[in-house]
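J.: Quick one, what's the 3D model for this:
(one chain, ligands or ions: 1)
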Amino acid sequence: MTRLATPSMNSAAGEKLDRFMSGLIKRNPGEPEFHQAVQEVAESVIPYVLEHPKYDEAQILERMTEPDRIVIFRVTWEDDDGNIRANRAWRVQFNKSIGPYKGGMRFHPSVTQSLLKFLGFEQIFKNSLTGLPMGGAKGGSNFNPKGKSDREVMRFCQSLMIELSRHIGEDTDIPAGDIGVGAREIGYMFGQYMRLTNRFTGVLTGKGLAFGGSLVRKEATGYGAVYFMRNMLELKGEGIDGRTVTVSGSGNVALYCIEKLIELGAKVVTASDSAGFIHDPDGIDAHKFAWLKDLKEIRRGRISEYAEQFGCEYHDGKRPWGVPCELAFPCATQNELNGDDAKRLLANGLVAIAEGANMPSTLDAVHAFLDATILFGPAKAANAGGVAVSGLEQSQNSLRISWSREEVDRRLKDIMKGIHEKCVQFGDDGNGYVNHVRGANIGGFVKVADAMLAYGIV
Ligand code: NDP
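T.: Numbering: from 1, shown residues only. Reported below is the predicted structural model:
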């Protein structure tokens with residue numbers, strides 16, 4: 001990890017940051033992703049806390065970095081060949097000061113407690129920024145849905161829900177999707193929850209439209225990231241139309257980010273998956289996008305097939321950050337863009353970046369973008385559209401109504417605008433530059449911290 005204190009900090013804040021992070025690392029050994037996520041927040045929040053001693057005296061940041069609870073359990077299931085399989089699953093219920101726990105479930109072989117603690121911690125701030133009453137949580141399993149049959153995925157989801165159902169509820173904790181958990185998995189989990197409880201409630205979000213899902217939920221994270229980018233560019237009197245854009249990933253977030261970018265007149269020249277990336281210098285147009293969406297959402301194919309279909313370059317085992325662009329949207333996974341990638345992007349004329357994935361940039365990369373004073377939309381702000389529309393799905397479930405596509409999209413735009421305004425409020429450097437990282441961290445922190453102060457010593 002890079003030296004803890006950043007150069008722009010005064011010495012009191014730097015010392016406190018070093019002390020705070022050493023303690024956190026000692027208490028949470030072997031959890032590098034969690035350390036990284038906390039440090040990114042602490043770099044902004046510690047100077048603020050020192051200026052506002054009520055938070056320091058009440059040890060708010062120390063309490064906020066300790067989850068309320070973590071449930072760990074075994075998920076046993078039978079594969080199609082009759083073999084008995086066992087996976088591990090978690091639900092990290094991090095903080096419910098401003099509302100019931102809310103956050104996705106991730107199914108991927110790389111899932112560990114560290115990964116889920118980082119995601120759950122980020123979720124506290126992100127949910128707070130949306131302005132909706134949602135606490136922070138995250139869950140998942142090291143189960144790999146790739147290559148499994150629908151029946152295997154169903155048996156796994158049903159077995160997982162037998163235990164998870166004891167810990168969730170529409171006023172307690174409302175899980176959603178994430179990597180490896182889409183409409184299919186949410187359907188299986190929701191179906192099992194209903195069998196177990198005999199209740200039809202909004203206990204999961206990302207549901208199918210036929211059973212309580214919201215219009216625009218599946219598009220929300222990608223669309224929201226593009227709306228956030230537009231808000232950032234407007235600060236400089238600029239826009240998205242005609243820009244050359246790189247996107248990583250080709251899953252839920254990346255696909256709808258690309259769709260909205262095409263609609264707004266940008267030229268998207270890359271997409272990727274865990275095997276490599278495609279470079280299409282002519283841009284992914286609406287026709288190619290429809291093909292790509294079918295490839296990824298229906299046929300569950302590989303991104304290399306796009307290159308074969310449309311005769312463009314495919315770079316095996318590589319990431320797209322060497323391709324010149326003005327705007328970049330990392331939408332695949334954590335730590336997919338490092339300090340060297342950031343330098344390359346900047347040297348190639350990058351103007352702005354919005355994080356669609358959670359923590360896709362390493363700390364070195366974040367520092368490089370901020371030092372270059374380019375517009376940088378951190379994940380907890382830029383990708384909050386997904387959880388925001390999840391919150392709207394809950395509202396519709398409670399009200400027993402469904403809003404139109406236009407209504408949900410309008411609310412999503414308003415929420416992203418509100419998040420951006422909060423970033424400006426707390427991140428304006430006063431010299432014409434808005435540090436959206438500081439703005440998002442402090443903007444998310446204050447509401448949760450004030451609620452925690454009101455509850456006393458709990
Ligand atoms: P999906 O599973 O739909 O897609 C993930 C994409 O990232 C796929 O293209 C996948 O490729 C690629 N990917 C996954 N792991 C790696 C890896 N280790 N290296 C390179 N590429 C990888 O997930 P989502 O689109 O839902 O999520 C993407 C990111 O956005 C995650 O960080 C998630 O936490 C975040 N996010 C998602 C939200 C949502 O609403 N879905 C909300 C907010 C944040 P492959 O198919 O080969 O695995």
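J.: distance of the residue in the stretch 301-450 of the chain positioned nearest to the ligand from residue 45?
T.: Closest contact between the stretch 301-450 of the chain and the ligand, by Cβ to the nearest ligand atom, is at residue 386 (3.0 Å). To be clear about C-beta, it is placed using only N, CA and C from the backbone, and glycine gets the same treatment. Residue 386 sits 24 Å away from residue 45, going by Cβ to Cβ, to the nearest Å.
J.: So for the two, which residue has more residues nearby?
T.: When residue 386 and residue 45 are compared on other Cβ atoms under 10 Å, the one with more neighbours turns out to be residue 386, at 30 against 26.
J.: what's the spacing between the more buried one and residue 378?
T.: 15 Å.
J.: residue contacts, residue 140?
T.: Contact partners of residue 140, counting by Cβ atoms under 8 Å, 6 or more residues apart in numbering, are 89-90, 104-108, 111, 115-116, 178, 180-181.
J.: Please apply the same query to residue 230.
T.: 239-240, 264.
J.: Of these - the most surrounded one?
T.: residue 240 (21 neighbours).
J.: Pull the contacting residues for the one residue in the chain that gets nearest to the ligand.
T.: Using Cβ to the nearest ligand atom, the closest approach of the chain to the ligand is made by residue 251 at 1.7 Å. Going by Cβ under 8 Å, 6+ apart, residue 251 touches 179, 273, 296, 331-332.
J.: Domain map for this structure?
T.: Domain ranges of the chain: 11-64, 69-199, 220-382, per automatic domain parsing.
J.: what's around the residue nearest to residue 306 when sequence neighbours are not counted, how many residues?
T.: The shortest distance from residue 306 to any non-neighbouring residue, by Cβ to Cβ, 6 or more residues apart in numbering, is to residue 278 (5.0 Å). Using other Cβ under 10 Å, residue 278 has 25 other residues around it.
J.: for residue 278, phi and psi?
T.: Residue 278 adopts backbone torsions of phi -100, psi 150, taken as degrees, to the nearest 10.
J.: if we can go back for a sec, could you measure from the spatially closest residue to the residue of the stretch 301-450 of the chain closest to the ligand that is not a sequence neighbour over to residue 210?
T.: Nearest residue to residue 386 in three dimensions, chain neighbours excluded: residue 221, at 3.3 Å (Cβ to Cβ, 6+ apart). Applying Cβ to Cβ, the value for residue 221 to residue 210 is 22 Å.
J.: restrict the contacts of residue 140 to those near the ligand?
T.: 178, 180 (Cβ under 6 Å from any ligand atom).
J.: Among the contacts of residue 140, which ones are in strands?
T.: Counting by DSSP state E, the contacts of residue 140 place 89-90, 104-107 in strands.
J.: looking at these, which has the most residues close by?
T.: Result: residue 105 is most packed of these (other Cβ under 10 Å), 29 neighbours.
J.: and it, what does it touch?
T.: Taking Cβ under 8 Å, 6+ apart as the test, what residue 105 contacts is 138-141, 175-178, 181, 185, 189.
J.: Make a markdown table from the residues you listed and add secondary structure and pLDDT to it.
T.: Below are these laid out as a markdown table (DSSP: H, G, I helix; E, B strand; the rest coil; pLDDT from 0 to 100):
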| residue | secondary structure | pLDDT |
| --- | --- | --- |
| 138 | strand | 98 |
| 139 | strand | 98 |
| 140 | strand | 98 |
| 141 | strand | 98 |
| 175 | strand | 98 |
| 176 | strand | 97 |
| 177 | coil | 96 |
| 178 | strand | 95 |
| 181 | strand | 96 |
| 185 | helix | 98 |
| 189 | helix | 98 |
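J.: that older thread, the residue of the stretch 301-450 of the chain closest to the ligand: what secondary structure?
T.: The three-state label given to residue 386 by DSSP: H, G, I helix; E, B strand; the rest coil is helix.
J.: do the one 3 residues further on as well
T.: Three-state secondary structure (criterion: three-state DSSP) places residue 389 in helix.
J.: Quick check: it vs residue 356, distance?
T.: Distance, residue 389 to residue 356, using Cβ to Cβ: 14 Å.
J.: Check residue 79 too.
T.: 33 Å.
J.: Residue 16 now?
T.: 32 Å.
J.: more neighbours, those two?
T.: Neighbours per residue (other Cβ under 10 Å) separate residue 16 from residue 356, with residue 356 holding more: 32 against 19.
J.: Tell me which residues of the longest helix that the chain contains come out buried.
T.: For the chain, the helix with the greatest residue count under DSSP state H is helix 405-427. Residues of helix 405-427 classed as buried: 408-409, 411-413, 415-416, 418-420, 422-424, 426-427 (neighbour count, 16 or more other Cβ atoms under 10 Å).
J.: And stretch 272-282, by the same measure?
T.: 272-273, 276-280.
J.: quick revisit: what's the residue nearest to residue 386 in contact with, if anything?
T.: Here residue 221 is in contact with 252-253, 256-257, 356, 383, 385-386 (Cβ under 8 Å, 6+ apart).
J.: would you say it is within a strand?
T.: No - under the criterion used here (three-state DSSP), residue 221 is helix, not part of a strand.
J.: measure it to residue 167 for me?
T.: Residue 221 is 25 Å from residue 167, by Cβ to Cβ.
J.: what is the rounded mean pLDDT of stretch 160-172?
T.: Stretch 160-172 carries an average pLDDT of 98.
J.: what's the answer for stretch 61-69, then?
T.: 98.
J.: now swap in stretch 259-272 and tell me
T.: Mean predicted lDDT for stretch 259-272 stands at 98.
J.: Straight-line length of it, end to end?
T.: 15 Å (Cα to Cα, to the nearest Å).
J.: who does the helix or strand following the longest helix of the chain touch, helix- and strand-wise?
T.: Scanning forward in sequence from helix 405-427 by DSSP states H and E, the next helix or strand is helix 436-454. The contact analysis (3 or more Cβ pairs under 8 Å, 6 or more residues apart in numbering; DSSP states H and E) places helix 436-454 against helix 32-51, helix 53-57, helix 60-64, helix 113-129, strand 375-377, helix 379-382, helix 405-427.
J.: let's see it at 6 Å
T.: helix 32-51, helix 113-129, helix 405-427 (3 or more Cβ pairs under 6 Å, 6 or more residues apart in numbering; DSSP states H and E).
J.: now it, how far from the chain's geometric center?
T.: 18 Å (Cα atoms, centre = their mean, to the nearest Å).
J.: Residue 141 touches residue 87, doesn't it?
T.: Yes - contact criterion Cβ atoms under 6 Å: residue 141 and residue 87 qualify, at 5.1 Å.
J.: Who has more neighbours out of the two?
T.: Neighbour tally, residue 141 and residue 87, criterion other Cβ under 10 Å: the higher count belongs to residue 141, 25 against 19.
J.: Which residue, other than its chain neighbours, is closest to that one?
T.: Nearest one to residue 141, counting by Cβ to Cβ, 6+ apart, is residue 89 at 4.0 Å.
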